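J.: Could you look at this predicted model? Sequence included:
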Amino acid sequence: MNILIDYKGNKSFRLLSMYERLNKGEMLYKEVLANNYGVSYKTVQRDIDDLRTYLTETHYSEQDDVIKYDKSKNGYFLVRVERELLTNEEVMAICKILLESRAFCKAELNGMIGKLLAQVAPNDRKKVENMIKSEQYHYVPLRHNKPLLQFLWDLSQYIQQNEVILFQYTRQDGGEKERAVKPLAIMFSEYYFYLVAFIEDATKEIPITFRIDRIQQLKPTGRHYRVPYKDKFSEGEFRKRIQFMYSGELKRVKFEYSGPSIEAVLDRLPTAEIIHYEAGVYTIRAEAYGKGIDMWLRSQGEYVKIL
């Protein structure tokens, strides 16, 4: 049974309804509002003025939310500060990145995309949906197809608390081993999320990478650790040197590059530095953990000569 609400005697409901519609990006028209709510044009104008007063008193500057009137469309709309809402372009770009990453199971992916699209104004939402519709429909998650969001959050908490964790890890060959580690960072590279950690009882602290989807039976130990690497360089610098997700000691390499795109090399190796250039040949110095950088350099064929 539908219950009719008397909008004439319920100003609070009317104001909340108008503000919610403005927040969604709708254009409000005085004539339509008057007809829908059963009130006069003057009442609608007073409601708009009340909302403007509310925004003025609850926001800190003229750059924050404000209700404006569009003379060409004869309607009211809400101008929101950019820090509060993503733009249509930003939503579209983030959706494209999520789809291309293939990192999440379909349920998690659809949930995130749905929340992102909810930030787009209703008038434009269909446009953004159409831009990603085909990719979303044909999305193929990775074979492990595991939900990861809660797991990533739990790991992040242990990293923040500097707590040693215990888990069962399945290797590439199918073998399993229990690990006690000092978690350092969560990183994403080429479809997978990785946990970077130090083995708790290792004689030498070398960062080890674990594919997060292969971690099972995660448990906190209650033991805490100091983070020695922060004394040497920031986490951002640490991340630059573990691009290839291979475990091992820090390597310093020098090589010559004569290929068509030096930009691609510099983008792939965040620590790369050009130390010499002559006749189309770049001499580059870089740092990275593990053997991954050696494998990548060899994959460049005749364009690279390791010095």
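T.: That came in fine, so what should we check first?
J.: got the buried residues for stretch 292-307?
T.: Of the residues in stretch 292-307, G292, I293, D294, W296, L297, Q300, Y303, V304 count as buried by neighbour count, 16 or more other C-beta atoms under 10 Å. (C-beta placed from N, C-alpha, C; glycine too.)
J.: isn't the fourth one right up against A264?
T.: No. In this structure, W296 sits apart from A264 without contact. The criterion is C-beta atoms under 8 Å, and the distance is 11.3 Å.
J.: Burial check on K177, number of neighbours?
T.: For K177, the tally of surrounding residues (other C-beta atoms under 10 Å) stands at 9.
J.: got the buried residues for the helix or strand V164 falls within?
T.: In the assignment (DSSP states H and E), V164 maps to strand 163-170. For strand 163-170, burial by neighbour count (16+ other C-beta under 10 Å) applies to E163, V164, I165, F167, Y169.
J.: Who are the contact partners of the last one?
T.: The neighbourhood of Y169, defined by C-beta atoms under 8 Å, 6 or more residues apart in numbering, consists of E176, K177, E178, R179, F210, R214, I215, Q216.
J.: Same check on the fourth one?
T.: With contact set as C-beta under 8 Å, 6+ apart, F167 has these partners: E178, R179, V181, I215, Q216, Q217, L218, K219.
J.: same question, the second one
T.: V164 makes contacts with A180, V181, K182, E200, P220, T221, R223, H224, Y225, as judged by C-beta under 8 Å, 6+ apart.
J.: What ranges does the stretch 51-200 of the chain have for its strands?
T.: In the stretch 51-200 of the chain, the strands defined using DSSP state E, counting those that start in this stretch lie at 66-70, 75-79, 163-170, 176-189, 192-199.
J.: Buried deepest among those strands, which one?
T.: Highest mean neighbour count of the strands of the stretch 51-200 of the chain: strand 192-199, a mean of 21 (counted as mean count of other C-beta atoms under 10 Å).
J.: tell me the angle of that strand relative to strand 163-170?
T.: 120 degrees (axes from the mean of the first three to the mean of the last three C-alpha atoms, to 10 degrees).
J.: Just the CA atoms of strand 192-199, as PDB, please.
T.: In PDB, the C-alpha atoms belonging to strand 192-199 read as follows (Å, rounded to 0.1, in the frame of the first residue of the first chain):
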ATOM      1  CA  TYR A 192      48.900  -9.700  -9.200                       C
ATOM      2  CA  PHE A 193      49.100  -8.200  -5.700                       C
ATOM      3  CA  TYR A 194      52.300  -9.000  -3.800                       C
ATOM      4  CA  LEU A 195      53.300  -8.900  -0.200                       C
ATOM      5  CA  VAL A 196      56.900  -7.700   0.300                       C
ATOM      6  CA  ALA A 197      58.300  -9.000   3.600                       C
ATOM      7  CA  PHE A 198      61.400 -10.000   5.500                       C
ATOM      8  CA  ILE A 199      61.600 -13.600   6.800                       C
END
